[in-house]
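Peer 1: Whatever this is, show me its structure:
(one chain, ligands or ions: 1)
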Amino acid sequence: MQLISSHAQPIGNGVKSAILPGYMPGFGNDFETEALPGVLPCGQNSPQRAAYGLYAEQLSGSPFTAPRTVNERSWLYRMRPSVRHAARFAPVSLPWWRSAPCLDDHDLPIGQLRWGPPPAPEGDLTFVAGVRTMTTAGDVNTQTGMSAALYFVNQSMADDYFYDADGELLVAPQAGKLVFFTELGRIEVGPGHVCVIPRGVKFKVELVEGPARGYLCENYGAKFTLPNRGPIGANCLANPRDFKTPIAAFEDKETPCRLTVKWCGKFYQCEIGHSPLDVVGWHGHYAPYKYDLSTFSPVGSVLFDHPDPSIFTVLTAPSGEDGVANVDFVIFPERWQVAEHSFRPPWYHMNVMSEFMGLIYGQYDAKPDGFAPGGVSLHNCMLPHGPDLNAFAKASTEELKPHKLVDTLAFMFETRLPQHLTRYAAQLETLQRDYADCWRGLERKYGSRP
Ligand code: FE2
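Peer 2: Here you go, the predicted model:
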């Protein structure tokens, strides 16, 4: 299978095609795809003998009895059932990939926190070995909460495969291109894209252009879905057709390989004599996908004031309580600012949610200084934050002409649960210990009414 470009390709006369070769459009569709003709059975899931002599296997991402709207499963037609990919496991150490609960890992006091982009760790780093967890929230054992991490990659996972039993993975590259070769197909992503790998789906990661680095959210709870739009209506924000799920692709490889599994915060490894990526065709709606963040259609204020940042939610993982997310994935993309007589940046606030922010490229409007691409900020539950002194001074005095924020892409992993720092984050040399000073110059204001 050829490598797939991740951008819409010009065809004839410079016209761009929305069709992305190698992918199927739609969010949560009931997909059907086969790498060889006739792999999928007609009219049933589990024939007595599947085509090509393959095994039929169901992969369920929800209880069998979950309501139809949240019932997740796919049928995989493969060379070996997954029991052949899971031999005797032995514990293996991946000390930098932490899981909740991860409390009392450091003695840093509470506070608003920010880090410059950390240097890549030394040594050989596959996608799995290169994960550096920054925060954890909730409890992986009760499937609530999440972790937020950075990843660093300088080599491909040639014969190493992995799956995460603890949660789905949302990957936001900041530099370098990667291919996630999953059981259900190949996904290429680079900066400006995200991909989501469901819980339990085996994969390896190949470096296309690197070294690569980025951000990773491990969602322990219910899987990400699209937020309801409410009065916005049937369009804008993230549109379902812009989500791309890969067509079937497989490896027919019988050489020594290793499978690593993350299970309840621990890692286990087994030796297998073949690639587990042996799915020749599949159908269903439990599948990985990618999304080009430039296709997000932002909705905002067209007269005055600044809406709540939730208006920029791309994906939300519900907690079970209405309107309360286990994790929200929110972006701050290019957009016009046109609000009249308004303070246009995000306002000062305190929030019950806990906000892990990253910057893919450019400059974030509320923090023009000190928040660099590849960096992180953390504004935890009920810790006040908002524009820094320079952003306030500019936004409160500038002439309010229509203005376009360009070449900028920030994002947030926001959760209802407090995010606890790992030791790695607390001891990181790029921790900006003077970050809170960015508000120090905000002087007392109490004068005559303007
Ligand atoms: Fe905030």
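
Peer 1: who's in contact with the lengthiest helix in the chain?
Peer 2: Criterion DSSP state H: the longest helix present in the chain is helix 389-395. Applying Cβ atoms under 8 Å, 6 or more residues apart in numbering, the external contacts of helix 389-395 come out as 343-345, 365-369, 386-387, 438-442. Every C-beta, even on glycine, is put in place using the N, C-alpha and C of the backbone.

Peer 1: Buried ones in that helix, by neighbour count?
Peer 2: 391, 392, 395 (16 or more other Cβ atoms under 10 Å).

Peer 1: rewinding a little: for residue 333, state which of the contacts of helix 389-395 is nearest.
Peer 2: residue 365 (11.4 Å; Cβ to Cβ).

Peer 1: Look up how far residue 22 lies from the closest residue to residue 246 other than its chain neighbours.
Peer 2: For residue 246, ignoring the flanking residues on the chain, the nearest one in space by Cβ to Cβ, 6 or more residues apart in numbering is residue 185 at 2.7 Å. Here the criterion is Cβ to Cβ, to the nearest Å. By it, residue 185 lies 8 Å from residue 22.

Peer 1: How about residue 266?
Peer 2: For residue 266, the distance to residue 22 - Cβ to Cβ - is 35 Å.

Peer 1: mind checking how far stretch 337-347 is from the chain centre?
Peer 2: 29 Å (Cα atoms, centre = their mean, to the nearest Å).

Peer 1: what's the answer for stretch 64-81, then?
Peer 2: 22 Å.

Peer 1: Give me the distance between the two termini of it.
Peer 2: 19 Å (Cα to Cα, to the nearest Å).

Peer 1: contact partners of that stretch?
Peer 2: 34, 39-41, 45-46, 50-52, 54-62, 183-184, 198, 222-223, 250, 252, 274, 276, 278-287.

Peer 1: With stretch 49-63 instead?
Peer 2: 36, 38-41, 45-47, 70-82, 198-201, 223, 280-281, 284, 286.

Peer 1: A strand includes residue 360, no?
Peer 2: Yes. According to DSSP: H, G, I helix; E, B strand; the rest coil, residue 360 belongs to a strand.

Peer 1: Who are the contact partners of it?
Peer 2: Residue 360 is in contact with 172, 173, 174, 191, 192, 293, 373, 409, 410, 411, counting by Cβ under 8 Å, 6+ apart.

Peer 1: please redo it, this time with the cut-off set to 7 Å
Peer 2: By Cβ atoms under 7 Å, 6 or more residues apart in numbering, residue 360 lies in contact with 172, 174, 191, 192, 373, 409, 411.

Peer 1: Kindly state the beta-bridge partners for the first one.
Peer 2: Beta-bridge pairing of residue 172, defined through DSSP bridges, involves residue 215.

Peer 1: Can you give me the distance of it to residue 398?
Peer 2: Counting by Cβ to Cβ - residue 172 and residue 398 are separated by 31 Å.

Peer 1: The two: who's more crowded?
Peer 2: Applying other Cβ atoms under 10 Å to residue 172 and residue 398 shows that residue 172 carries more neighbours, namely 23 against 10.

Peer 1: still on that earlier bit, could you tell me how far the residue nearest to residue 246 is located from residue 201?
Peer 2: The value you get for residue 185 to residue 201, if Cβ to Cβ is used, is 10 Å.

Peer 1: tell me the mean pLDDT for stretch 60-80?
Peer 2: Average pLDDT, stretch 60-80: 96.

Peer 1: now swap in stretch 364-371 and tell me
Peer 2: 81.

Peer 1: got it, and stretch 225-233?
Peer 2: If you average the pLDDT values across stretch 225-233, you get 96.

Peer 1: Do me a favour and get the end-to-end distance for that stretch?
Peer 2: 17 Å.

Peer 1: got the buried residues for it?
Peer 2: Applying 16+ other Cβ under 10 Å to stretch 225-233 flags 226, 227 as buried.

Peer 1: outside of it, which residues touch it?
Peer 2: So stretch 225-233 is contacted by 27, 237, 238, 240, 299, 313, 315, 316 (Cβ under 7 Å, 6+ apart).

Peer 1: one more time with 10 Å
Peer 2: 27-28, 69-70, 235-240, 243, 297, 299, 310-311, 313-318, 323, 325, 328-330 (Cβ atoms under 10 Å, 6 or more residues apart in numbering).

Peer 1: which among the residues you listed end up buried?
Peer 2: 27-28, 237-239, 243, 299, 311, 313-318, 325, 328-330.

Peer 1: would you say residue 241 is within a helix?
Peer 2: Yes. Under three-state DSSP, residue 241 falls within a helix.

Peer 1: Show me the beta-bridge partners of the closest residue to it other than its chain neighbours.
Peer 2: The shortest distance from residue 241 to any non-neighbouring residue, by Cβ to Cβ, 6+ apart, is to residue 25 (4.7 Å). Per DSSP bridges, the residues bridged to residue 25 are residue 244.

Peer 1: surely residue 25 meets residue 246?
Peer 2: No. With contact defined as Cβ atoms under 10 Å, residue 25 does not count as touching residue 246 (11.5 Å).

Peer 1: The two - which one has more neighbours?
Peer 2: More crowded of residue 25 and residue 246, by other Cβ under 10 Å: residue 246, with 26 against 17.

Peer 1: Quick check: the gap between the more buried one and residue 188.
Peer 2: 9 Å.

Peer 1: Fine by me, we can end here.
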